[in-house]
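Engineer: Below: sequence and its predicted model.
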Amino acid sequence: MYRLDRTAFSAQTAKEASKADRVYYKNLSWQERLRIANYLNSVAYNYPENNPQRWINLYFRLEVESNGKYFQ
């Protein structure tokens, strides 16, 4: 679980903060970035981090053309 460190603070402009965030996340591996994205999705959509809900095919459908055929 990720926690916010409330003791770490530095006054900076939005531009400086954006640059610092970009540098921080570029130094993480793609697996760590994916883990963070999964955590943020679990918070946003209110599901347990390691047990996401299944997508309901009635509402979401993906059509991809492959050799002239569409599939779901």
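Structural biologist: Looks like it arrived, so ask away.

Engineer: Centre-most residue in the protein?
Structural biologist: residue 37 (2.1 Å; Cα atoms, centre = their mean).

Engineer: Which strand or helix spans that residue?
Structural biologist: Secondary structure here is read from DSSP states H and E; on that basis residue 37 sits in helix 30-44.

Engineer: So the residue nearest to the centre of the chain versus residue 44, what's the distance?
Structural biologist: Relative to residue 44, residue 37 is positioned 10 Å away (Cβ to Cβ, to the nearest Å). Just so you know, the C-beta spots here come from the backbone N, C-alpha and C atoms, and that holds for glycine as well.

Engineer: Please identify every residue contacting each of these two.
Structural biologist: Common contact partners of residue 37 and residue 44 (Cβ atoms under 8 Å, 6 or more residues apart in numbering): none.

Engineer: gap between the closest residue to residue 2 other than its chain neighbours and residue 15?
Structural biologist: Spatial nearest neighbour of residue 2, chain neighbours left out: residue 39 (6.0 Å); criterion: Cβ to Cβ, 6 or more residues apart in numbering. For residue 39, the distance to residue 15 under the criterion Cβ to Cβ works out to 26 Å.

Engineer: any weak-confidence spans in the chain?
Structural biologist: Counting by pLDDT under 70, the chain contains low-confidence residues at 1, 55-72.
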